[in-house]
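*Asks:* predicted structure and sequence below. I'll ask about it afterward.
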Amino acid sequence: MADGWRVRIRHLTLLEYEGEAQSSYNEVRMTPLDDRGQTTLDQRLTIRPATPVWTYRDYWGTQVSVFDLPNAHRALTIEAVSRVETAGPRPLGKPLSWAALRGVDGPIAEYLRPTERTTITPGVGRAQVPGRDPHQTAEAIAWAVHERVAYVQGATGVLTSAQEAWDRREGVCQDMAHVTVALLREAGLPARYVSGYLHPHRNAAIGEPVLGQSHAWVEYWAGDWVALDPTNQSKVGESHVVVARGRDYADVPPLKGIYQGPPAGRQVVKVEVTRLA
């Protein structure tokens, strides 16, 4: 794939309970998508204790792995390993006019509706529109979010809304994505939340494993989907790996489940990324 990378990702999650969990049901979204700018060469999901795994595509197009553990267990380990070919940023096509975007309907229009996490003060996004086409507007919004919302690890939680992060002026990549999505929609651009992985080094050495991270960015629609990373004030390219898309984080969590057992426990998450080529 021209101007792209080949990347290996290892995503390990360990859950330890303070006692025995009697049963659990889980959904895992850790398999990179086969996409227009990305090809998943192979992937493996290992569950310990061992149990059968089923897969399906959810409404938003993400591959979901589903499993349950009916027997008592004190720990659960989920290891997802994949190899992916990525691509650099694609050239921008001519955007639709604002008049055409106002007439969008069908599935695309679902990405115009605010959600609980992507609701924000009316009028904030429209401040970036005058005199700009949709591409220029989207970049202006994403870079404005980067300037306003400082990246502060641990400043927010998974339930933090776009409005809260905007008002606090701090958050993590999830918050910057939620704020950007909210402002894009408020300006009249369909926008979706993207979850995946990011190699932390743009000039990554070949064959060197590094601690990576789960990451979030956005895509907006102006006749075609275009991706932007407000956290890093950058286009999305070869160092990004797409796993899931949705209206907000609630549609894309890497791990979601329920279990019967002790309320407290410990969770350890480690993401390792290696550029292979």
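*Replies:* Yes, it's here.
*Asks:* not counting sequence-adjacent ones, nearest residue to Leu276?
*Replies:* For Leu276, ignoring the flanking residues on the chain, the nearest one in space by C-beta to C-beta, 6 or more residues apart in numbering is Arg6 at 4.3 Å. For the C-beta atoms, the positions are set from N, CA and C on the backbone; glycine is no exception.
*Asks:* ranges for the strands of the stretch 151-277 of the chain?
*Replies:* Secondary structure of the stretch 151-277 of the chain (DSSP state E, counting those that start in this stretch): strands at 170-171, 191-198, 210-211, 213-221, 225-229, 234-235, 240-246, 255-260, 265-275.
*Asks:* on that earlier part again, tally of neighbours for the residue nearest to Leu276?
*Replies:* Arg6 has 17 neighbouring residues, counting by other C-beta atoms under 10 Å.
*Asks:* who does it bridge with?
*Replies:* Glu85 (DSSP bridges).
*Asks:* in contact with it, which residues?
*Replies:* Leu41, Arg83, Val84, Glu85, Thr86, Arg275, Leu276, Ala277 (C-beta atoms under 8 Å, 6 or more residues apart in numbering).
*Asks:* ok, which pair from those is furthest apart?
*Replies:* Based on C-beta to C-beta, the longest span within the contacts of Arg6 runs between Leu41 and Arg275 and measures 14.0 Å.
*Asks:* re earlier: right, and the strands of the stretch 151-277 of the chain - which one's nearest Pro130?
*Replies:* Evaluated with C-beta to C-beta, these place strand 213-221 nearest to Pro130, the distance being 17.8 Å.
*Asks:* what does the closest one contact?
*Replies:* Residues outside strand 213-221 that contact it (C-beta under 8 Å, 6+ apart): 11, 104, 108, 111, 134, 138, 142, 173-174, 176-177, 180-181, 184, 189-198, 200, 225-231, 236, 240, 245, 249, 254, 269, 271.
*Asks:* mind listing what's buried in that strand?
*Replies:* Going by neighbour count (16 or more other C-beta atoms under 10 Å), the buried part of strand 213-221 is Ser214, His215, Ala216, Trp217, Val218, Glu219, Tyr220, Trp221.
*Asks:* so among those residues, where is pLDDT lowest?
*Replies:* Minimum pLDDT across the buried residues of strand 213-221 is recorded for Ser214, with 93.
*Asks:* comparing Leu41 and Arg275, which residue is more hemmed in?
*Replies:* Neighbours were tallied for Leu41 and for Arg275 using other C-beta under 10 Å; the higher tally belongs to Arg275 (21 against 14).
*Asks:* got a list of what the more buried one touches?
*Replies:* By C-beta under 8 Å, 6+ apart, Arg275 lies in contact with Trp5, Arg6, Val7, His199, Ala204, Ala205, Ile206, Gly207, Glu208.
*Asks:* and the buried ones among the contacts of strand 213-221, selectable in ChimeraX?
*Replies:* Applying 16+ other C-beta under 10 Å to those, the buried members can be selected in ChimeraX as follows:
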select :11,104,111,134,138,142,173,174,176,177,180,181,184,189,190,191,192,193,194,195,196,197,198,225,226,227,228,229,230,231,236,240,245,249,254,271
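*Asks:* pLDDT below threshold where in the stretch 101-250 of the chain?
*Replies:* In the predicted model, the stretch 101-250 of the chain carries pLDDT under 70 at residues 125-128.
*Asks:* check the secondary structure at Ile141 for me.
*Replies:* State at Ile141, reduced to three classes by DSSP: H, G, I helix; E, B strand; the rest coil: helix.
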